[in-house]
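Chemist: everything below, folded, please.
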Amino acid sequence: MNIVSIVGARPQFIKLAALVRAIDHHNVRNGSPTVDHRIVHTGQHYDAVMSDVFFDELALPAANFRLPACPGTQAQQTAAMLTGVERVLDQQHPDLVVVYGDTNSTLAGALAATKLHIPVAHVEAGLRSFNRRMPEEINRLIADHICDLLLAPTATAMRHLAGEGLCPRSVLTGDLMHDSVLHYLDVARNSSDIVARLALARGEYALATLHRADNTDAVTHLATLLTALNEIAASSMPVVLPLHPRTSSRIQTLLPQWIPNPHLRLIEPVGYLDMLSLLDHARIALTDSGGLQKEAFFIGCPCITLRTETEWMETVEAGANILTGADSARIRAAVVLWSERYPHGSADFSSAVAAAFGRNDAGSKTLDALLTLGGWSSQMPDGAQPLGVSKFIMEGIRG
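Modeler: Next up is the predicted model:
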């Protein structure tokens, strides 16, 4: 069976790593059907610190096809990737295409595969922020409605899909990023020295990330958030901010006079293992990233989400995440609350994590759903007949 994964951004590399491990295990253990898995890198994240370091640290095989870097507007980027992905798929004729998450790479891959009549599966389906100003919300909505197989990470995502009439092609698999955090956290603890290099102490600093368009393209939001981070650094604890290239560019353009507080540590983007280590040692996380909210939850780091909505309400309902938006007073109050409740950071959310995101078997469940869509199943008894794509789509699978 030939599967092509289409990725282009760092959260997708992390999800891909969990599926690659499941495929390797399947090929060694079962041998049949052997999965020939190929990777298309769309070039969405094209610099070394946002791409190459992740492939190295996650021990991912090199991409079989790497498209040219594609900066530009949303439309320009998506169009360039759509053209490049279509060319590769038309040459390769895979049995199945897999897209991940909610980026422009997701949309381009789903559109290209669908128009070529290749079955396509969407990993991390069913997420909804209900904020259509976010490009990611549009990408995930379109992907879910055109893909043949929707792989939902949580029961909440399954409910969203059912509400849109997509239940017959939806499968509850658990979360691939959870698998990856569990797999790589010990690696990070044994190999990353970033906390020592930055002379940080466990539980004595905050880790921040900032990159969403709503927060970086509007000068009022960007100024409010940077001021809030400066205030936290000045009065509460040092703040470490790995500066996303997008955010760095916006600061230079919109707020050229802004000066960080001496205790607000601006650093270059870091690799996955260093980010896990920083999160593991932090007292709190402040972020507008979807992935970091989850990783903080998995690791036990109280989180403040610098948005008014989240795709991951499970983290809020578990008492691990506070939504503040770009509101200085709410951000300061959340910092105080978390510092009082967890003065050294480390929290135990493990029961809520397992209930919401699975128990480190999302990779195997995802692969089994893919094999079933392709007409096979690793759980199929000897002598059973393949299910077949059309019958699968008509009857659906219940995960």
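
Chemist: phi and psi next, for the nearest residue to N321 once chain neighbours are set aside.
Modeler: Once flanking residues are discounted, N321 sits nearest to T315: 3.8 Å by C-beta to C-beta, 6 or more residues apart in numbering. For glycine as for every other residue, the C-beta is placed from the backbone atoms N, C-alpha and C. Taking degrees, to the nearest 10, you get phi -70, psi -30 for the backbone angles of T315.

Chemist: go ahead and confirm T315 touches Q293.
Modeler: Yes - using C-beta atoms under 8 Å as the test, T315 is close enough to Q293 to be in contact (5.5 Å).

Chemist: overlap in contacts, those two.
Modeler: C303, N321 (C-beta atoms under 8 Å, 6 or more residues apart in numbering).

Chemist: state the pLDDT value of L370.
Modeler: Here the pLDDT value assigned to L370 is 96.

Chemist: same check on Q379?
Modeler: Here the pLDDT value assigned to Q379 is 47.

Chemist: same thing with the one 10 residues further on?
Modeler: For V389, the model assigns a pLDDT of 39.

Chemist: G290 now?
Modeler: In this prediction, G290 has a pLDDT value of 90.

Chemist: phi and psi next, for the nearest residue in space to it that is not next to it in sequence.
Modeler: In space, and not counting its chain neighbours, G290 is closest to E311: 5.5 Å by C-beta to C-beta, 6+ apart. Main-chain dihedrals, E311, degrees, to the nearest 10: phi -80, psi -20.

Chemist: E311 and E124, how far apart?
Modeler: Separation of E311 from E124 (C-beta to C-beta, to the nearest Å) stands at 9 Å.

Chemist: same deal with V316?
Modeler: Going from V316 to E124 by C-beta to C-beta gives 18 Å.

Chemist: out of those two, which sits in the busier spot?
Modeler: E124 (29 against 17; other C-beta atoms under 10 Å).

Chemist: and the closest residue in space to the more buried one that isn't next to it in sequence, how far is that from L371?
Modeler: Distances taken as C-beta to C-beta, 6+ apart put G101 closest to E124, at 5.1 Å, once the chain neighbours are dropped. For G101, the distance to L371 equals 21 Å [C-beta to C-beta].

Chemist: please apply the same query to V7.
Modeler: V7 is 20 Å from L371, where distance means C-beta to C-beta.

Chemist: between the two, which one's more packed in?
Modeler: The neighbour count for V7 versus L371, taken as other C-beta under 10 Å, is higher for V7 (30 against 23).

Chemist: tell me the phi and psi of that one?
Modeler: Main-chain torsions, V7, degrees, to the nearest 10: phi -140, psi 160.

Chemist: all strands for the stretch 51-200 of the chain, in order.
Modeler: 65-66, 96-100, 120-123, 149-152, 170-172 (DSSP state E, counting those that start in this stretch).

Chemist: mind listing what's buried in the last one?
Modeler: What it means is strand 170-172. Neighbour-count burial for strand 170-172, counted by 16 or more other C-beta atoms under 10 Å, picks out S170, V171, L172.

Chemist: quick one on the thing from earlier: for the residue nearest to N321, the count of nearby residues, please.
Modeler: Neighbour tally, T315, other C-beta under 10 Å: 25.

Chemist: who's in contact with it?
Modeler: Q293, K294, A296, F297, C303, N321.

Chemist: try it again with 7 Å
Modeler: Q293, K294, F297, C303, N321 (C-beta atoms under 7 Å, 6 or more residues apart in numbering).

Chemist: that one and G358: what is the separation?
Modeler: T315 sits at a distance of 15 Å from G358 (criterion: C-beta to C-beta).

Chemist: pLDDT below threshold where in the stretch 151-300 of the chain?
Modeler: Residues of the stretch 151-300 of the chain meeting the criterion pLDDT under 70: none.

Chemist: residue ranges for the helices of it, please.
Modeler: Here the stretch 151-300 of the chain has its helices, by DSSP state H, counting those that start in this stretch, at 155-163, 176-191, 194-197, 213-216, 219-235, 245-254, 272-281, 290-299.

Chemist: in the longest one, which residues are buried?
Modeler: Under the neighbour-count criterion of 16+ other C-beta under 10 Å, helix 219-235 has H221, L222, T224, L225, L226, T227, A228, L229, N230, E231, I232, A233 buried.

Chemist: who are the contact partners of the first one?
Modeler: When the contact criterion is C-beta under 7 Å, 6+ apart, the partners of H221 are D214, N215, A326.

Chemist: ok, and the closest non-adjacent residue to the last one?
Modeler: Nearest non-adjacent residue to A326, counting by C-beta to C-beta, 6+ apart: H221, 4.2 Å away.

Chemist: do T305 as well
Modeler: Spatial nearest neighbour of T305, excluding adjacent residues (C-beta to C-beta, 6+ apart): L323 at 5.0 Å.

Chemist: that neighbour contacts T310, correct?
Modeler: Yes - using C-beta atoms under 7 Å as the test, L323 is close enough to T310 to be in contact (6.1 Å).

Chemist: what sits against the residue nearest to I118 when sequence neighbours are not counted?
Modeler: Spatial nearest neighbour of I118, chain neighbours left out: V97 (5.4 Å); criterion: C-beta to C-beta, 6+ apart. Listed by C-beta under 7 Å, 6+ apart, the contact set of V97 reads V4, I6, L89, G109, A113, I118, V120.

Chemist: who's in contact with the nearest residue to the fourth one once chain neighbours are set aside?
Modeler: Using C-beta to C-beta, 6+ apart and skipping the chain neighbours, the partner closest in space to G109 is I6 (3.4 Å). I6 is in contact with V40, T42, V85, V97, V99, S105, G109, counting by C-beta under 7 Å, 6+ apart.
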